[in-house]
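>>> What shape does this take:
(chains A and B)
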2 protein chains.
Amino acid sequence: MGSTGFIIISIVTSLLAFCLAAWLYDWVKKQPSSNSQILKVSSYISQGAATFLNKEYRVLAKFCGVVAALILIFIPVPIWKGSFLLNLQMAIAYILGAIFSAAAGKIGIAVATIANVKTAEAAQKDIRHSFLCGFRGGAVMGMAVVGASLLGVSLVFLLTDDTTILLGFSFGASSLALFAKAGGGIFTKTADISADLVGKVELGIPEDDPRNPAVIADNVGDNVGDVAGMGADLFDSNVASMAAALVMGAALDQTMGGSKNVSMVFCYAALGLLASIIGVATARMGKNDNPTFALNSSTYVTTGIFAILTAVATAIFGLEWRIWGASIVGLLVGVVIGIASDYFTDDRKKPVQLTANASESGPAFTILSGVSYGFVSTLPALVGIGLSALISYKLCEPLGMDYALFGISMAAVGMLSIVGMIVSNDAYGPIVDNARGLAEMGDLGDDVLEITDSLDSAGNTVKAITKGFAIGAAGLTVIALLGAFISEVNVAAVEQGLVAVGEKYLNGFDVMDPAVFFGMIVGSAIPAVFSAMLMLGVNRNAQRMVSEIHRQFREIPGLKEGKEGILPEYDRCIELATAGSIHELIPAGLMTIVATLLVGFIGGVKAIGGFLTGNIISGLLLAIFMSNAGGLWDNSKKYVEAGNHGGKGGEAHKAAVIGDTVGDPFKDTAGPSINTQITVVSLVASLMSGIFLMFSLL
Amino acid sequence: MGSTGFIIISIVTSLLAFCLAAWLYDWVKKQPSSNSQILKVSSYISQGAATFLNKEYRVLAKFCGVVAALILIFIPVPIWKGSFLLNLQMAIAYILGAIFSAAAGKIGIAVATIANVKTAEAAQKDIRHSFLCGFRGGAVMGMAVVGASLLGVSLVFLLTDDTTILLGFSFGASSLALFAKAGGGIFTKTADISADLVGKVELGIPEDDPRNPAVIADNVGDNVGDVAGMGADLFDSNVASMAAALVMGAALDQTMGGSKNVSMVFCYAALGLLASIIGVATARMGKNDNPTFALNSSTYVTTGIFAILTAVATAIFGLEWRIWGASIVGLLVGVVIGIASDYFTDDRKKPVQLTANASESGPAFTILSGVSYGFVSTLPALVGIGLSALISYKLCEPLGMDYALFGISMAAVGMLSIVGMIVSNDAYGPIVDNARGLAEMGDLGDDVLEITDSLDSAGNTVKAITKGFAIGAAGLTVIALLGAFISEVNVAAVEQGLVAVGEKYLNGFDVMDPAVFFGMIVGSAIPAVFSAMLMLGVNRNAQRMVSEIHRQFREIPGLKEGKEGILPEYDRCIELATAGSIHELIPAGLMTIVATLLVGFIGGVKAIGGFLTGNIISGLLLAIFMSNAGGLWDNSKKYVEAGNHGGKGGEAHKAAVIGDTVGDPFKDTAGPSINTQITVVSLVASLMSGIFLMFSLL
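Numbers count the residues shown, from 1 in each chain, chains lettered A, B, ... in the order given. So this is what the prediction gives:
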């Protein structure tokens, strides 16, 4: 079967995923909901989320318009060299990438803001039913994300048969992810921190108290940050990993003849989605009533199904077993990284407990302890990523040097194969978190709160694993993108007549080359500066929001006292967080792109290779550090609240709360946005490779 | 003139530095001191410092004994291959490296614990005299460090004419630095944090109150951390930069004939020392009574003298102007990095002020703001290091490719040329800090305290610049060491018959080579884990010390009330901090060495090249981040204490104190120790290069 066959299979599988998503959506919608108080609050949340998304998408549309225009003129080849049609295809692919990802995000938010109500109400019946509402709500997002990403990649490749155009599609997805993940991250933490600061700390009213003007913004934040943001992040990684593998696979096919390698990428991606479909469709909570177990076991089942299905396909279609091995190595390492992340953020393990213990000596020790364990936690994850790259390379090396790099990209595809399941589990978190808030605001009683608390806690635990997975996958993907960048440079060099056909302009990047070294050392600062800009953005935005909350409590009579019928102006807070998050995000995004262009125009393609390498190294380090330290502080606070070291209200608790507040933008704004930042930089580099070859100082 | 002539000039210059040191020592000693209370306290401090150094040197002696034995058996060539004499020379050079550095540290501590008394007493007369006592005390250390390092390098090279043996000397200096810097860093912060925690926070007694059992340990810590530790760190960097330049220079001389490049290294190093001698001898506080200006202007004067002297020497001896240019580029970039560090830690600039402002919203915002600005501060420093490497390479490239790398190493030599002045300024800080404490404990009155406060504040400001300088220098040095590593591998490969004479086994390290990539990604985790181990060590050690302080207040009757004649058991605290710091340091040191060996034996020399690169990138990033964030928090606390945002005792102050406590181990333990850690790893790699070539898995 030729590659077209596999592409059609991919398209069919992604349509299957959409069918499952539609069925799940319908199922969730059909679940009963009757509590009018909850429905009212939930309508605020869904309206708020819509406000944010609409505003975000409007700004994004302008941004994409400008970028698309630039692409039309310059990329991949300046238009005055007669490449209008090519550039037009690229611009369209770019816009499609953003639209596909945005559509998946829109679907996810739509179902999440229904599923939260259903989950809260189902908790009145029993935990198993409530779990299923939460999980299936999340699974709609999972299916939509993976379905849309595979469909988009398949269509673009089928129509253009040009992998460079595919990088344009990927860049569109990255642009969306930058807005969705970093913008949503700023939004959610602005709302979370300000709601806590005024509500819990100043006024002493409980979390999710409807008097708090920021409470709806906080719930909206869970959705736009964790559902839409995380979905866009994984959409981006998934597309980028496929695009990188296809760039290298197509180059291999061109040299070797045939279409075996391109076929393999589509085959594995389709089977990964199929495995996720089966995993999602069969997920249930067993009799032991343990939601964490249910979520994790469905992940492991999906992993197993993927391994078996791909082995069967490899045998049937006579694909390379060594490459199959590489993708399985990627998948296994993803699981290992997830488990390691779990160790550093689980409250039954030492790091969280020792940090809680250190909190007894005051907040400075909470911070020092969390920073230290966060630093230590980078070791297993980085060793895992390094080993998987090394093993998959060595495994595929006997097939030829070019296959070795292709092997790394297939390890990334393998790691991301179960991304449908990962997104489902991840979107489950904010849904049940929201459900808990709704149960509180709708006065559903302590029994229901107990159930939603237990579902919520499972969401937090699983989140550590899925985040570790996302970072590991991003790590391998960007390595693969580095390979794709070299491919692109070599293609452009032949077109520009810098080398003869069949020859290579670049084989790799020598650390001892000063341009590479310069790029590397500058590149390593970028993720740090990017995270700093986002965190300072949260700081500034939260200060604005705190003033607004103060104003409402001051100016709305009866609000503080909780007078019947008096409601705060929720929408003002939501608008403020929305406007602020976009305002704070844009300089950070532009900084990374401008830095890439500067380094490229100064040092040329070699400096850019170093720049990407520096970005990858420091980006992975900081992303893992911040995600794990943040998760650790969060759970260490919960550990104290569970009655350890003096419990709620004690000195250790105060210190732990400070740790948690520091950790919030670490784990939900800066840490996970770094993935997207690296992908954006990698894709800009690949797309600009021809231009950098033409114009650079050195 | 041949290289022997220049070596003899270097030896003469270093003897001149010793003469100046002796004269300054004598001058400081001759200054009057009469206050018996101060003398008593000061004797505690000098005894405490001696206790620490003796214990540290004893443990270090055992450590060095073991390493020397291993060197004798294995390095550079296993002894069964008939290399006994060579290995013996290497082992002796290693031991000498440690002894020379230790001797300089011993001298520095000896004078610092006298100069503090003289500075305090001189403050009763006037600020200019008091400044001179502090500065000249520090300058003894400066001269001793640079004199001993240049003398050692010159002697070893003169006697053996073998640059590999020189790396052994450098490794000895690094081993000492690891103990002195990281061990001293743990000691000083253990004492500082516990003294503050029990004294200021729990009991509300002032800083430097003699009732506090940890107060002497705190003062001892300033000396062992900042005088001995920083001195050993810069001794290490200085030796390593010369060694790296000599390794490459000698290799060049061998190919080209003559001894021009080796001569140049000695010539510039000697002139750098001469410039520092002139700068130190002429430093005075001008009529405007501004100590910061006096310290900084003597640095700039030294810089100018170095530039002129080397230009004259280059003209007279017909040296290469391009290489002169490279060393001046290094020097200038060092100054620029220092100024950038100053921006992020100066309380007249925005970052410190905005962090103080954020403190009004609570400690979490102090931390987030400091972390963010710390991240941003990495950009100018890293761009500076990257640019200086790029420019010095490009400047020397026309002389031939091998000269290009030599150019980078000469940029490092240039940056470190004024290290005598840097160490003098740096050692000035703890002397005047101690003097402030002694003035407080000796009841010298408010006028004297005002003078010592102003001297102390100048010390803190200048420290930011010298630290930036030290990090920049370490950055260029380790790049040069990477070049030295390649040289060593190539020499070993010829000896082992892997390549023919005149051919190269390695030219560089390709990022896309999976062994390099694997090493790089693992290497990037090491500085993070190393800093985490040191910080957790401070945490644990401080907890032990706090219990000891509590015990003393509980068990010694009359201590808390300040009864006449009742003194705490100062020595118990000092012993505890000493034992704890060494206990906590050893695992961290072993971890880095074991990780290097593991990566080397698994991935071979290419993986080690990647490992060093990863180490350099993440190490520089974290070192700059932690040093600057720590300095920023420190000064932001002082800014609040100066009466801003509610001043001392307000909510913002409490938050700022928490930031300062977090920053303490950042800036005085982990941050600056990373330099040493990278150097140790680089030297282990170079020394083991032959072994890794023989035995490795891949």
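
>>> give me phi/psi at the residue of the stretch 551-698 of chain A found nearest chain B?
Chain B sits closest to A:Thr661 of the stretch 551-698 of chain A, with a gap of 3.6 Å, by CB to the nearest CB. The way it works is simple: take the backbone N, C-alpha and C, and place the C-beta from them, glycine included. When quoted as degrees, to the nearest 10, the phi and psi of A:Thr661 stand at phi -70, psi -40.

>>> need the helices for the stretch 401-550 of chain A, in chain order.
A:401-415, A:419-441, A:446-495, A:514-523, A:526-555 (DSSP state H, counting those that start in this stretch).

>>> what would these look like in CSV with distance to A:Ala122?
CSV is the format used below for the helices of the stretch 401-550 of chain A (distance: least, CB to CB, whole Å):
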stretch, distance to A:Ala122
helix A:401-415, 34
helix A:419-441, 9
helix A:446-495, 9
helix A:514-523, 49
helix A:526-555, 32
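
>>> which stretch in these is the model least sure about?
Among those, helix A:446-495 carries the lowest mean pLDDT, a mean of 85.

>>> what angle do that one and helix A:401-415 make?
Orientation check (axes from the mean of the first three to the mean of the last three CA atoms, to 10 degrees): helix A:446-495 against helix A:401-415 gives 160 degrees.

>>> relative orientation of helix A:446-495 and helix B:514-523 in degrees?
140 degrees.

>>> Helix A:446-495 to helix A:419-441, inter-axis angle?
Using the same axes, to 10 degrees, helix A:446-495 lies at 150 degrees relative to helix A:419-441.

>>> Next up, the contacts around the one residue sitting closest to the centre of chain A.
By CA atoms, centre = their mean, chain A has its centre lying nearest to A:Asp233, at 2.9 Å. When contacts are counted by CB atoms under 8 Å, 6 or more residues apart in numbering or on different chains, A:Asp233 touches A:177, A:180-181, A:470, A:672, A:675-676.

>>> and the helix or strand encompassing it, which residues are buried?
Using DSSP states H and E, A:Asp233 maps to helix A:230-256. For helix A:230-256, burial by neighbour count (16 or more other CB atoms under 10 Å in any protein chain shown) applies to A:230-253.

>>> and that helix, average pLDDT?
91.

>>> go on, stretch A:45-64?
The model assigns stretch A:45-64 a mean pLDDT of 90.

>>> Now do that stretch: everything it contacts.
Under CB under 8 Å, 6+ apart, the answer for stretch A:45-64 is A:94-95, A:98, A:102, A:105-106, A:109-110, A:113-114, A:116, A:172, A:175-176, A:179-180, A:183-184, A:187, A:216-217, A:219-220, A:223-224, A:228, A:434, A:570-571, A:574-575, A:577-579, A:582.

>>> These in helices, which ones?
The helices, defined by DSSP state H, take in A:94-95, A:98, A:102, A:105-106, A:109-110, A:113-114, A:116, A:172, A:175-176, A:184, A:187, A:216-217, A:219-220, A:434, A:570-571, A:574-575, A:577-579, A:582 from these.

>>> Return a PyMOL selection command for the buried portion of the residues you listed.
PyMOL command restricting the ones in helices among the contacts of stretch A:45-64 to the buried ones, with burial defined by 16+ other CB under 10 Å:
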select buried, chain A and resi 94+95+98+102+105+106+109+110+113+114+116+172+175+176+184+187+216+217+219+220+434+570+574+575+577+578+579+582
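
>>> Show me where the stretch 151-300 of chain A dips below the pLDDT cut-off.
Scanning the stretch 151-300 of chain A with the threshold set as pLDDT under 70 gives no residue ranges.

>>> from it, which residue is nearest to chain B?
Closest point on the stretch 151-300 of chain A to chain B, by CB to the nearest CB, is A:Leu197, at 7.0 Å.

>>> That residue contacts B:Phe365, correct?
No - using CB atoms under 8 Å, A:Leu197 is not in contact with B:Phe365, being 9.2 Å away.

>>> Give me the more crowded residue out of those two.
B:Phe365 (26 against 22; other CB atoms under 10 Å in any protein chain shown).

>>> Show me which residues of the stretch 251-400 of chain A sit near chain B.
A:358, A:361-365, A:367-369, A:371-376, A:378-379, A:382-383, A:385-387, A:389-390, A:393-394 (CB under 8 Å from any CB of the partner chain).

>>> the inter-axis angle of the strand or helix carrying A:Ala629 versus helix B:514-523?
Using DSSP H and E, A:Ala629 falls within helix A:570-641. Angular relation of helix A:570-641 and helix B:514-523 on a 0 to 180 degree scale: 80 degrees, by the same axes, to 10 degrees.

>>> chain center to helix A:570-641: distance?
Averaged C-alpha coordinates place helix A:570-641 at 12 Å from its chain's average position (CA atoms, centre = their mean, to the nearest Å).

>>> is chain B contacted by it?
Yes - Helix A:570-641 is in contact with chain B by CB under 8 Å from any CB, via A:603, A:609-610, A:613-614, A:617-618, A:620-621, A:625.

>>> Repeat that for stretch A:673-685.
No - using CB under 8 Å from any CB, stretch A:673-685 stays clear of chain B, coming no nearer than 11.4 Å.

>>> quick one, what contacts the closest residue to A:Ile323 other than its chain neighbours?
Distances taken as CB to CB, 6 or more residues apart in numbering or on different chains put A:Met410 closest to A:Ile323, at 5.2 Å, once the chain neighbours are dropped. By CB under 8 Å, 6+ apart, the contact list for A:Met410 reads A:245, A:264-265, A:268, A:323, A:326-327, A:330, A:392, A:396.

>>> Pick the one among the residues you listed closest to B:Ile11.
A:Ser392 (55.2 Å; CB to CB).

>>> Next, the angle from the strand or helix carrying that closest one to helix A:401-415.
Taking DSSP H and E as the criterion, the element that holds A:Ser392 is helix A:363-396. For helix A:363-396 against helix A:401-415, the angle by the same axes, to 10 degrees is 130 degrees.
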